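In: would you be able to build a 3D model of this:
(one chain, ligands or ions: 1)
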Amino acid sequence: MGLLSTNITMAAVKDFSVQEKLSSLIYLQKIDSKLDEIRILKGELPMEVADLEDELQGLQNRRTRVEEEINGITDFIEGKKTLIKDSEELLARYEKQSDNVKNSREFEALNKEIEMQQLEIKLAEKHIKDATLEIGEKAKKLEAASKAIAIKETLLSTKKGELEKIIVDTEKEETHFLALSNNARGKVESRLLTSYERIRKNYRNGLAVVAVLREACGGCFNAVPPQRQSEIKQHKKLIVCENCGRILIDEELSDTVTI
Ligand SMILES: [Zn+2]
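Out: This next block holds a predicted model:
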């Protein structure tokens, strides 16, 4: 009789301790999942800012390119203006010379030169007109790029401010949950903790302890047979998913654990 009652007591203690083990694991998992969430969030924030910075850099490059094109066209126009001035000087000289022509051959030759310079001037004027139109188009592009840059710069500075604040906040949160996690780790049996860490590392979502949801493993969604489901609910032993190896718990127990 004595032995039997001892066994019962031991069994009761053991059952209770499995449930406790499970609860401490669930607690740890919930904290670690929270940490994972924070880290994912933190990981994306600098990326967002970096993307914006890239976009801004692209726009600034575009603006520089258009500015350089405008400078190039301006130089081209200046060149043409010089050409016109030179031609005009030549023309003035030819006009003077025409007063002193000795024969018709000389006159014709001079006339040809004059016509050529007049043509040069006309051509240069046409080039200047076209180039001026082109500058007008480029100036519009430049204005659009400058406007886009101003918008992006405002957005970037707002984002940077927001992100810095979020980073500060998440760091505070992270420190808080890290302390909780370390504390919770101390309450999990070392062998169990090793398994937990190993399973967690194996899965990108960091879930080592999952609830049975709609009769399936909450980690891999493989069906859990009814017999195993009832064993899980009894909390008498640790049961892992046959498919993914995650530690299975019932939703009810999971809900009792809050962080
Ligand atoms: Zn599974």
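
In: in a strand, that's where residue 211 is, yeah?
Out: Yes. Under DSSP: H, G, I helix; E, B strand; the rest coil, residue 211 sits within a strand.

In: isn't residue 235 up against residue 17?
Out: No. Look at residue 235 against residue 17 with CB atoms under 8 Å: they stay out of range, at 9.7 Å. C-beta coordinates here come from the backbone N, C-alpha and C atoms, glycine included.

In: more neighbours: which of the two?
Out: Set side by side, residue 235 and residue 17 show more neighbours around residue 235, with 20 against 12, by other CB atoms under 10 Å.

In: need phi/psi at the nearest residue to that one once chain neighbours are set aside.
Out: With sequence-adjacent residues excluded and distances taken as CB to CB, 6 or more residues apart in numbering, residue 235 is closest to residue 19, at 4.0 Å. With angles defined as degrees, to the nearest 10, residue 19 sits at phi -60, psi -40.

In: looks like residue 19 contacts residue 252 (just checking).
Out: No. If you go by CB under 8 Å, residue 19 and residue 252 don't touch, sitting 11.3 Å apart.

In: helices and strands around the helix or strand residue 168 falls within, which ones?
Out: Under the criterion of DSSP states H and E, residue 168 resides in helix 104-185. Packing partners of helix 104-185 (3 or more CB pairs under 8 Å, 6 or more residues apart in numbering; DSSP states H and E): helix 2-98.

In: 10 Å - rerun?
Out: helix 2-98, helix 190-202 (3 or more CB pairs under 10 Å, 6 or more residues apart in numbering; DSSP states H and E).

In: hmm, back to that, give the full set of residues in contact with the residue nearest to residue 235.
Out: 234-236, 249, 253, 256 (CB atoms under 10 Å, 6 or more residues apart in numbering).

In: swap in residue 119?
Out: Neighbours of residue 119 in contact, by CB under 10 Å, 6+ apart: residue 87.

In: quick check: it vs residue 87, distance?
Out: 9 Å (CB to CB, to the nearest Å).

In: then residue 147?
Out: 41 Å.

In: show me which of these two is the more surrounded one.
Out: residue 87 (20 against 11).

In: what pLDDT does the model give that one?
Out: Note for residue 87: predicted pLDDT of 96.

In: and the nearest residue to it once chain neighbours are set aside, what is it in contact with?
Out: When the adjacent residues along the chain are set aside, residue 87 lies closest to residue 117, with 4.4 Å between them (CB to CB, 6+ apart). Contact analysis of residue 117 by CB under 10 Å, 6+ apart lists 84, 86-94.

In: now a PyMOL select for only the buried ones of those.
Out: In PyMOL syntax, the buried subset of those is picked out as below (16 or more other CB atoms under 10 Å):
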select buried, resi 84+87+90+91+94
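
In: the helix or strand bottoming out on mean pLDDT in the chain to strand 209-213, inter-axis angle?
Out: Among the helical and strand segments of the chain, the one scoring lowest on mean pLDDT, DSSP states H and E is helix 2-98, with a mean of 86. If you take axes from the mean of the first three to the mean of the last three CA atoms, to 10 degrees, helix 2-98 sits at 100 degrees to strand 209-213.
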